[in-house]
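build me a model:
(one chain, ligands or ions: 2)
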Amino acid sequence: MSNSRSSLLNICLGFARSRLPQACQLCGARVAGQLLCAPCAADLPRLPDDRCPQCALPSPGGAVCGACLKHPPAFDRTVAVHAYGFPLDALVRHCKYAGALDLTDWFAASLAEALAAQPRVDLILPMPLHEARLAERGFNQAVEIARRLAPRLGIPWSPQGCRRTRDTPPQAGLDLKARRRNLRDAFRCDLDLTGKHVAVLDDVMTSGASLDELARMIRAAGAASVTAWVVARTL
Ligand SMILES: [Zn+2]
Ligand SMILES: [Zn+2]
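Numbering: from 1, shown residues only. Ligands and ions are numbered 1, 2, ... in the order given. The predicted structure follows:
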């Protein structure tokens, strides 16, 4: 068995063990009231300290990167907790496709910690899922994270303020330009956000095209600023 397959098997075993209380989701070690043991949590992929404040990609000295200077995204800042890589990708997929919603609580707790020193916002809007996807999956992981994050921060959130009006084809394999085209007018925002500081929340930022398009709609609804909050950022 290849390394990655045996690692995946280990993760599955970890999840199976986690059905017993107090076991690390990744290695099955005994933990007290935590989803991951301290060594597994410390081993999760990190973002570099020097990163662009706007898109969270590596940037010398933590300055706004060339890509953001050339084509500024509609969000002003990005707060990302982790880099998107193994084994966090397996946790995110397990949450999304196997409905392991207890993970959303852990994602929310990680975000709350990362947000402690960040400017406050007035409203949290989770990335909407098209109703066809929602019917297929049964839940929207971004909504589930927002539901658990908002009370921790004492900030209101809205599960229905923004809708995904087009069921866009999968973004994988498309370059950034094609992703943007693919997403044009994919969202609708029915809220009056005049003067509001808004956070848009998702589990993972890949190219940032979806969050950019959503942020564009939120700005069009009058928001004074938009910040992207994500659990993980693809490097
Ligand atoms: Zn562990
Ligand atoms: Zn940037």
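
tell me the buried residues in stretch 168-188?
Neighbour-count burial for stretch 168-188, counted by 16 or more other Cβ atoms under 10 Å, picks out 168, 174, 179, 180, 182, 183, 186, 187. Quick note: C-beta positions are derived from backbone N, CA and C, even for glycine.

may I have the phi/psi pair for the spatially most central residue of the chain?
In the chain, the C-alpha closest to the average C-alpha coordinate belongs to residue 203, at a distance of 2.1 Å (Cα atoms, centre = their mean). Torsion angles at residue 203 (phi, psi; degrees, to the nearest 10) stand at phi -70, psi -50.

what do you get for residue 233?
For residue 233, the backbone dihedrals are phi -120, psi 130 (criterion: degrees, to the nearest 10).

go ahead and confirm it touches residue 47.
Yes: taking contact to mean Cβ atoms under 8 Å, the distance of 6.2 Å between residue 233 and residue 47 places them in contact.

which one of these two has more residues nearby?
The neighbour comparison of residue 233 against residue 47 (other Cβ atoms under 10 Å) goes to residue 233, with 23 against 18.

out of everything not next to it in sequence, what's closest to that one?
With Cβ to Cβ, 6 or more residues apart in numbering as the measure, residue 80 is the residue that lies nearest to residue 233, at 3.8 Å, once sequence neighbours are left out.

with residue 36 instead?
residue 24 (5.3 Å).

tell me which two in the buried residues of stretch 168-188 are the farthest apart.
Among the buried residues of stretch 168-188, the pair separated by the greatest distance (Cβ to Cβ) is 174 and 187, at 17.6 Å.

ligand 2 contacts on this structure?
Contact residues, the chain versus ligand 2 (Cβ under 5 Å from the ion): 52, 54, 55, 65, 68.

which residue ranges of the chain form helices?
For the chain, the helices defined by DSSP state H cover 3-18, 38-42, 66-70, 88-98, 102-114, 131-137, 141-153, 176-183, 209-220.

which parts of this structure sit against ligand 1?
24, 26, 27, 29, 37, 40.

residue 125 touches residue 160, doesn't it?
No: here residue 125 does not reach residue 160: they are 9.7 Å apart, not a contact under Cβ under 8 Å.

please name the bridge partners of the closest residue to residue 77 other than its chain neighbours.
For residue 77, ignoring the flanking residues on the chain, the nearest one in space by Cβ to Cβ, 6+ apart is residue 227 at 4.6 Å. Residue 227 forms beta bridges with residue 77, residue 199, as assigned by DSSP bridges.
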